[in-house]
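Novice: Predicted model, plus sequence, below.
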Amino acid sequence: MDALAVFVLALLWDLLLGEPPALVHPVVWFGKLAGLIDSRYKRRSPELDFLAGMATAVLVIAFAFLLSISPFFAPYPLNYALAVYFIKSSFAIRSLHEHIARTITDDIEEKRKAVSMIVSRDVRELDEPHLNSASIESLAENLNDSVVAPLFYFLLFGLPGALVYRAVNTLDAMLGYRNERYEYFGKFSARLDDVLNFVPARLTVLLYLPLGERKIFRYYRLARFKINSDKPIAAMSAVLGVRLEKPGVYRFPGRTPENEDIKRALKVYWLVVAEWLIIVSLLLATEVCPCLSQ
């Protein structure tokens, strides 16, 4: 297959149409499968819970891998259609913008509702500055998870890389919590997500460098709270000059974030996305990466 052509078609789909319906979205399928096992499995002991969680992750990843190789067994032109569909399903550029844009409102309850749709923390008691911070943090973190990382693994391993990464990221989002229910059951998924995001999270920071090199490096050195997720957040905080914090977890210095700063963050987002898309397209055009050529 022509990797560049498939990627461009997938990108056009994303920008013009957004996400496929949930009923036929592979990422939703990954979540449904993980959720089904999670709801059926009764917690027993740390050791058994860990093994059950690992088995769940392996099953979801195997499902993602089988989906990803199906285009290679399909006749022309169905193979191209499936490849475009699956690549598009692995990244989400337009929908991320739309989710963040909904948080730009002066109505505190509407803002709280919109932010609750994009973060896992309890937003009921958050004031407006912390809600604005949560919105910008989510944008920065998901720039890595939903754009940079899936395309990074697409460049390295083609369709299997993109969909398997997305499966792992979905597993982490559903099971990777430090609480009684998921401490052991979700540990394997959380650690695997850490491993897969180690390079992309730092690559995302590098993509911010043209927007403020010195300050980004200074903020990056402050990002010692999480293995990966706080690195892109630190870069966004540096570029915007606003305080981004998750109380009790991390805090990057700056002035109090306002609605206008969410708008500025979206502009930064599109600059970084454009930079990354150009890099991906050039690498595909020069056939430096294997992608769909196997």
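Specialist: Ah, there it is.
Novice: What count of nearby residues applies to Ile61?
Specialist: By the criterion of other C-beta atoms under 10 Å, Ile61 has 20 neighbours. Every C-beta, even on glycine, is put in place using the N, C-alpha and C of the backbone.
Novice: For Lys226, which three-state class applies?
Specialist: Here Lys226 is recorded as coil under DSSP: H, G, I helix; E, B strand; the rest coil.
Novice: Give me the phi and psi angles of the nearest residue to it once chain neighbours are set aside.
Specialist: Nearest residue to Lys226 in three dimensions, chain neighbours excluded: Tyr250, at 6.9 Å (C-beta to C-beta, 6 or more residues apart in numbering). In this entry, Tyr250 is assigned phi and psi values of phi -150, psi 160 (degrees, to the nearest 10).
Novice: Give the full set of residues in contact with Tyr250.
Specialist: By C-beta atoms under 8 Å, 6 or more residues apart in numbering, Tyr250 lies in contact with 223, 225-226, 230, 233, 244.
Novice: Next, work out how far apart it and Pro232 are.
Specialist: According to C-beta to C-beta, to the nearest Å, Tyr250 stands 12 Å off from Pro232.
Novice: before we move on, what about Pro77?
Specialist: Distance from Pro77 to Pro232, by C-beta to C-beta: 37 Å.
Novice: Name the residue in the two with the higher neighbour count.
Specialist: Comparing Pro77 with Pro232 by other C-beta under 10 Å, the one with more neighbours is Pro232, at 30 against 8.
Novice: My understanding was that that one contacts Thr204; is that so?
Specialist: Yes - in this structure Pro232 lies within contact range of Thr204 using C-beta atoms under 8 Å: 4.6 Å.
Novice: intersection of neighbour lists for those two?
Specialist: Counting by C-beta under 8 Å, 6+ apart, the residues touching both Pro232 and Thr204 are 143-144.
Novice: So Pro160 sits against Phe63, correct?
Specialist: No - at 12.0 Å, Pro160 and Phe63 do not qualify as touching, with contact defined as C-beta under 8 Å.
Novice: So between those two, which is more surrounded?
Specialist: Looking at Pro160 and Phe63 with other C-beta under 10 Å, you find the greater number of neighbours at Pro160, namely 21 against 18.
Novice: Following the chain past the strand or helix carrying the more buried one, name the next helix or strand.
Specialist: Using DSSP states H and E, the secondary-structure element containing Pro160 is helix 149-175. Heading C-terminal from helix 149-175, the first helix or strand you meet, by DSSP H and E, is helix 187-208.
Novice: what's the next helix or strand after that following helix packed up against?
Specialist: Per DSSP H and E, the first helix or strand lying C-terminal to helix 187-208 is helix 213-222. If you count contacts as 3 or more C-beta pairs under 8 Å, 6 or more residues apart in numbering; DSSP states H and E, helix 213-222 packs onto helix 187-208, helix 230-240.
Novice: Pull the residues that contact the first one.
Specialist: In this case it means helix 187-208. Outside helix 187-208, the residues that reach it (C-beta under 8 Å, 6+ apart) are 50, 53-54, 56-57, 143-145, 148-149, 152-153, 165, 168-169, 171-172, 174-176, 216, 220, 227-229, 231-232, 234-236, 238-239, 268, 272, 275-276.
Novice: hmm, which two among the contacts of Tyr250 are most spread apart?
Specialist: Maximum pairwise distance among the contacts of Tyr250 (C-beta to C-beta): 12.7 Å, between Lys226 and Leu244.
Novice: The two: who's more crowded?
Specialist: Applying other C-beta under 10 Å to Lys226 and Leu244 shows that Leu244 carries more neighbours, namely 28 against 16.
Novice: Let's see the pLDDT reported for the closest residue to the more buried one other than its chain neighbours.
Specialist: Leaving aside its sequence neighbours, Leu244 sits nearest to Ser237 (C-beta to C-beta, 6+ apart; 4.3 Å). For Ser237, the pLDDT comes out at 96.
Novice: how many neighbours does Ser237 have?
Specialist: Using other C-beta under 10 Å, Ser237 has 30 other residues around it.
Novice: mind listing what it touches?
Specialist: Applying C-beta under 8 Å, 6+ apart, the residues near Ser237 are 136, 140, 219, 243-244, 252-254.
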